Every structure is written in C-alpha cells, then in structure tokens.
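Asks: I'd like to go over a predicted model; first the sequence, then the structure.
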There are 2 protein chains.
Amino acid sequence: MRIEVICTGDEVLTGKTINTNFSRLSRRLTELGLLVVRETTVGDDRVELRAAFDVAARRADAVIVNGGLGPTVDDLSQEVAAEAAGVALDLRPEWLETIRGFYRRRGRDMPPNNRKQAMLPEGAELIDNPVGTACGFAIDIGRARFFFTPGVPSELDVMTENELIPRLRAMSGIDAMVHLKRFHSFGIGESRADHLLAGIEAMDVEGRVKLGFQSHYPQLETKLTVAAPSHEVATAMLAPIEAEIRRRLGNFIVAEDDGTLEGAVLEHLRTQGGSLSAVETGSHGGLGARLAAADEEGGVFLRASSGNGAAVVAGSLGLSADASLVEFAEAARRVDGATHGLAVAIDSQHGAVRIAVADPESGFERRAVIMGGPNRARQGGVELALDCLRRRLAGAPVDERIDFEKA
Amino acid sequence: MRIEVICTGDEVLTGKTINTNFSRLSRRLTELGLLVVRETTVGDDRVELRAAFDVAARRADAVIVNGGLGPTVDDLSQEVAAEAAGVALDLRPEWLETIRGFYRRRGRDMPPNNRKQAMLPEGAELIDNPVGTACGFAIDIGRARFFFTPGVPSELDVMTENELIPRLRAMSGIDAMVHLKRFHSFGIGESRADHLLAGIEAMDVEGRVKLGFQSHYPQLETKLTVAAPSHEVATAMLAPIEAEIRRRLGNFIVAEDDGTLEGAVLEHLRTQGGSLSAVETGSHGGLGARLAAADEEGGVFLRASSGNGAAVVAGSLGLSADASLVEFAEAARRVDGATHGLAVAIDSQHGAVRIAVADPESGFERRAVIMGGPNRARQGGVELALDCLRRRLAGAPVDERIDFEKA
C-alpha cells in the first residue's frame, strides 16, 4: 500500500514552523509497518494544493493531508478537496452542533467564521476530532483515499491513534502487529550503544527482530521491533534479546517502555516510604519541573526551590551562600521534612555541574563538566542529578563515567 | 521564480530525524524574498528520487536538493541526477584531492568509499563545501537549475549562505527584501483576532502588506509581512498599520517581535529597580522555569518555590496551609527580600487557577477557570499569572476577561 502525506500551510512552507507533525506521524506509522513513501509540503495556495492532490490521487492508495482545516480564509483543505473530487461543499449540521457545543461549554457564542469548519465535501466520511473544532474527513479522489487531519499537534495525534491507524490497517491488510520494546538509557551515545549491542539482531536466527536507536539528548532510546501475529509470540521472541540488552547496557538503562527516569526515582522512593525535596540553581527549574510532572499519585515529590543565583536560594534554606552542596541537599530535606534531598548547581557557561544527594544516613557529591554548550549543560545536569539519586536508591555505582562529560 | 526543495533520506522520511534543514533553509530564503513553493521528501529510493526530480524539472526554475551526497551506497543524489540529466558520472580529480586533504589534515587516509563523493554528473558546476567532504553541485535538468546540497546541517548552512543565495538572487533578479513585524498576544483566540483586525490589510491600498496568524497556546502571534526595497521603506509602510493593530488588540499584546511576556515582566521590574520571587503549586514549576530562562542579565528573578501540594510550600514560607494566596505572594517577597511576589495555585483537574500579586503597597488576587484540560490549565495559569503581573506593572486592568476562561 502506497501512503503519501501532504502538509499544507505557509507557516510550515516558509520554515516558521518546523514540521514536527510529519515526523511524529511518519514515525508512528513506521512503527506499525505502514510506510510513508513521500511527503509534500505546499503553502496556503489553492493552485499548489490542488496540484499536489491531483498527483497523489493518481499514484497513492492512501493520502494523509495535514492542516488547512481552520476557520480562517487561508484554510483551504475542504474547498480544494471538494474541487479535486468534483463535488460541492455541504454543511454538516451535526458538526456545526459539535462546534457550537465546544463554544457553549466555554460559555461563549460560536464566532461566525467557525461555521466554515462544518462545510465538508459532499459524500465525505466525517472523522471525529474529540479535542478541537476542526473536523477530520475522508474522501476518495482518483484512485486514493484521502484523509484530512487538523494542523494542531494534539488534535492530529488523537485522530491518528483513534481514527487513522485503524482505517489504514484495514486498508493495508497487515494483520501482524509490529511489537516494540524500548529501553531508555542515560550516559552512552548512539555509536557506543551500537558498538555495545553488535550482533544483537542475529540472536533471532530468522532475522525478524530489528534493532534501532533514537537519540534525544540526554537520553538514548534503544528499540527492538518484531512483526508477530500476537503479543504472546512477540514477547517470547524478544525475551532473550531483551535480557541480553539489559546485561550489556547495565546500569545505564534508566527506564523501559513508557517509564521515565524521574518516574523510576519516585517509584524507588514510594516503595521505601520516602519523599524528596529538591534545590537547584542555574537549571532553569528543570529538576522540579520533571519531578512535579512525574509525581501523579502525589506525596513523594514535596517541593523544589530554584533560582539563578545561590545566595537567595541558600538564604531561604537558612544557609550561608558558601555552604557546601551537600548542606543544601541536607537543608532541603530538613526544611520540608523529606527523607531525601537532591541538590544541583549548574554553571551553564562552563558546563560545570555539581550534584548532591542527602538521605537519612549520609550525603555525597558528584561533579562533572558537561560538553556542548549551556543548554546541554542544563539538560545533562538535571538528568545526571536524577540519575545519581536513581543509582543511589538502586544500589548502583553513582560515579560511572558518562559519554557527555569531559574526561 | 519558482523554487522547490527536495529532501532525501530514510531518516527524514520515517520521521526519525525532524526536518529542520528544510525549515532553516526556507526561513532564510523567505527573509530574502526567495519564496519556496513546494517541498518534497523522499527516502533513499532510486525510483522515488528520480520521479521527484523529473516532476520538479518540468515546472520549477530552481530546485534545491538536500541530502544523498554521502559516501555510502544509500546516498543516491549524484547518480540519479546524472540519469535525470542524461549524462554520465565523471570523476572530479580536484574534489578527490579536496577529500584527501580533508583526511590528511586529520592525520588519516581517505577511506576508499569516499571516492564516490568526487563523482559528479558530466558538465555539473562544482559548488564548494568548505566544511565537509560532500561536494555540492549544480546542473540543468529539464527547465530547472538543480542545486545539490549536503544533509549535514552545518555544511548545508555554509553552502546556503556562501553559494546558493548569491546564485538564487542573481537568477531571480529580486532586490526587495521581505520585512516581518510580529505581535504576541495572550487572551484572544485566532478567530477573535481575525475578527478584530478585519480590514487591516486594506490600509495599504496597494495590497503589499499581508496579515497572518500563528496560534501557539496560550499565545497568538499576529504577523505583518511586506516586500520592500529597504528597511526604511518597509518601516514607513508598516508604521500606521502597526499603530492600528496596537489600538485594536490593546492590552492583550504582551510583547512584539523577539520579545516575550516574561521578558516584558522582567524589563518592567528592572526599570523600576524591582525584583521578583515566585511561589507556585500545581504548575509543574512552569512559572519559575520561564522566569529563570528569561532573566539573562540576572538579579531580577530571585527564586521560585514550587510543589504539587500547598502545605509543604506554605510551611517553607512560614505560613499555615490555609493562608490566603495573597499571603503566599507577600511571604515570597518577604523571605527573599524581593520587591514583588507572584503566586499561582493551579488545580489542573478542574482548570481552577488562582493568582496573587504582592508589591510594596498592596496585593490582589485574580481567579479563573481555564478550559481544555490539565495541560492547558497549567500553561494558561502560568501565562495568566505572568500577564497579571505585567498588567499591574504597566498600569493596565488586571481582570480583563480572556477567551480561555469560563464565563
């Protein structure tokens, strides 16, 4: 099955908006074995959009169009779809009511120009958008089935999962599911991981298991994929390979699948009835932000105190500005009544990172110089702080050298 | 002049690599009035690449091809270019020597497969790459001039500035530049802004000024573009329209051009010798993160204290958990010795947001219920908190209703 994607919008064409919609969509479809063979971006331009539709209509089986479903005059997708399919636009009262309800729940009247979003090509299949006013739809143009999706990323993602994938799978006749196993590591780069995992694919003698990497600093994602008729079969095929990956990557693995490093830290603490208070300087609040977002059950992450300079932060903990970082971590746990204190101080200009962990028994400090500039220092420093605490809680060595620090 | 871009590579097509090369390239060309009308991405696939070349060769004047110039077998650009142009590949001894020199300076021998990078279509114009071994080149295919560029971002950028732009400007004969003016607002949605600014474009009777919007919740960006021969002419053309936009969007405008809301808050404080301490619950530390990142000069944003529950945060400020939010803001400024305190408490499950500002004279609280789910409540709540303080500092009303809150 030939799948093409057409993205529309001056914002994307002129480079103002980076086309992350396409990369997210294509990555997700690729995971399921639904390969995209071409992507085309055109602006909010009737002639270009029509030409892109016409060409794709002649050669593709499925075409996903992203964008151009908004309420303003430069949103052209429905109109051009109707022209290309040779049908008129038609008001869909049920979607108009959905839009009105959307505004009503917000205590407002629908602005008149939103009515445009309920105009679809005659005969189009309406595709639900549970999170916005842009209506998705599908229609045949030429030999291809066209699927129209909204440009707002969250709306596209929901529609992709709930509506597009089931339809594309049915069209493709692919019934084997692609199963995915993910390992998240911190401290090793892609080339080192590739080297450490040499020969892993060959453990499956039939060559059905594929190894891949995706680097998103400071973490590396190691992925195994296998096409199998059921979850049980896939699990059995992957089990020995997963075990070997855990053995080779060792303590660098911080989480698996949907797990996160900060989630692993909080889970360790929760299991032992612990709690955590954090203090951070030079990190732009990154440590507290990640812990707060991860503590969904609540009660483990208590508080983060963050600032750009050490003096005010020290003062708020009753410390002098020249206190040691272990004293910061110790004061954080004492002030908030937490079992654990985690402190990070980042000098982003020089990449210099200091980390301290304090628990009821003792405290320690870890230092590193992170390479690659201020943003990497902040991201890497926060990651290293969380990882030091994870390693401490897991009984793993806290000073294993990482690829991102200066020797 | 019709310019198209063709990007090639499985990494980009499968979404593993986000196509930032295209967005950077197009943004830069757009600034110069060299508008890209279409972008196409294909994989490392001979047939698809050839088809993309052939189509572009029939309709474009200039085609920029990015990627596929590497030393490995899946790098196909030179080969397919030669086929499409109907010529053979030819070894360029001068580029082979450049590659050898590149390795020699690094104390290594050239690996044999790099020789492939010196094979160009017969008659192609060599385009220098001063920072890598991939040779750029230009050749006519059909009615278009094709420019081949390397996929490594730093190599592409150097070639764009030094080689592509002069050639494209000469081809286009354009000497006008496109000038861009941006307004950032908070509190009005795209449809309302579109409605408020109806007729704005018509203020330029010659129709040279274009109005556009870009919504990135919770802010809306309103953009004016105009092609003019110089900055002075553009400024004069835009001035009356800018003034009218300021009048119509009023206090909803939080910043212009490269300015930010948090930057505006810090600038107001800096001007009056003030400083700020923040306290936040339920916001995932978003308020402190934005203030810390924006306070580049330092010394105005002092500290943020954040947590998921109010009790621990209250305790750290010497307050009881049932203190009013104005007392939180007042305590934040007192503890840290700041002139201003800003407090936000977000109940993301219900979208309920409370904000308090305390300054040396007084304090006030603003409440709102933000629509659209927990993430929107957090982002909107942090934005509203910053905007309340901005309005207070600017002498603007702090309780103007926003489109994202329940009536």
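Replies: Arrived safely. Numbering: from 1, shown residues only, chains lettered A, B, ... in the order given.

Asks: let's verify the residue of chain A most remote from its centre: helix, strand, or coil?
Replies: Within chain A, A:S320 marks the point farthest from the mean C-alpha position, 40.1 Å out by CA atoms, centre = their mean. Classification of A:S320 using DSSP: H, G, I helix; E, B strand; the rest coil returns coil.

Asks: in a strand, A:E365, correct?
Replies: Yes - secondary structure of A:E365 (three-state DSSP): part of a strand.

Asks: hang on, it packs against A:E327?
Replies: No - A:E365 lies out of contact with A:E327 (CB atoms under 8 Å); the separation is 10.3 Å. Placement of C-beta: from N, CA and C, glycine included.

Asks: ok, the residue farthest from the centre of chain A - contacts?
Replies: By CB atoms under 8 Å, 6 or more residues apart in numbering or on different chains, the residues touching A:S320 are A:A314.

Asks: any idea how far A:R354 is from it?
Replies: Distance of A:S320 to A:R354, computed by CB to CB, to the nearest Å: 17 Å.

Asks: go on, A:E31?
Replies: 39 Å.

Asks: and stretch A:68-79, what's buried?
Replies: A:68-71, A:74-79 (16 or more other CB atoms under 10 Å in any protein chain shown).

Asks: redo those residues as CSV? Include distance to chain B.
Replies: Shown next, in CSV, are the buried residues of stretch A:68-79 (distance: CB to the nearest CB, whole Å):
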residue, distance to chain B
A:G68, 14
A:L69, 13
A:G70, 7
A:P71, 5
A:D74, 7
A:D75, 10
A:L76, 14
A:S77, 16
A:Q78, 16
A:E79, 17
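
Asks: pLDDT check: weakest of those residues?
Replies: Confidence by pLDDT is poorest for A:D74 among the buried residues of stretch A:68-79, given 88.

Asks: how far is stretch A:87-99 from where the chain is centred?
Replies: 33 Å (CA atoms, centre = their mean, to the nearest Å).

Asks: for stretch A:396-407, same thing?
Replies: Distance, stretch centre to chain centre, for stretch A:396-407: 26 Å (CA atoms, centre = their mean).

Asks: then stretch A:149-168?
Replies: For stretch A:149-168 - counting by CA atoms, centre = their mean - the centre lies 15 Å from the chain centre.

Asks: same question, stretch A:309-316
Replies: Mean C-alpha position of stretch A:309-316 versus that of the full chain (CA atoms, centre = their mean) differs by 34 Å.

Asks: just the mean pLDDT for it, thanks.
Replies: The model assigns stretch A:309-316 a mean pLDDT of 94.

Asks: is it anywhere near chain B?
Replies: Yes - judged by CB under 8 Å from any CB of the partner chain, stretch A:309-316 comes into contact with chain B at A:309, A:312-313, A:315-316.

Asks: just the buried residues of the residues you listed.
Replies: Applying 16+ other CB under 10 Å to these flags A:309, A:312-313, A:315-316 as buried.

Asks: out of those residues, which one sits closest to chain B?
Replies: Set against chain B, the nearest of those by CB to the nearest CB is A:V312 (4.6 Å).

Asks: how far away is the closest one from B:G299?
Replies: Taking CB to CB, one finds A:V312 at 10 Å from B:G299.

Asks: what do you get for A:L25?
Replies: Plainly put, A:L25 is 44 Å away from B:G299 if you go by CB to CB.

Asks: higher neighbour count, the two?
Replies: Between A:L25 and B:G299, counting by other CB atoms under 10 Å in any protein chain shown, A:L25 is the more crowded of the two (24 against 13).

Asks: what about the closest residue to A:G187 other than its chain neighbours, neighbour count?
Replies: Spatial nearest neighbour of A:G187, excluding adjacent residues (CB to CB, 6 or more residues apart in numbering or on different chains): A:I402 at 3.5 Å. When neighbours are defined as other CB under 10 Å, A:I402 has 17 of them.
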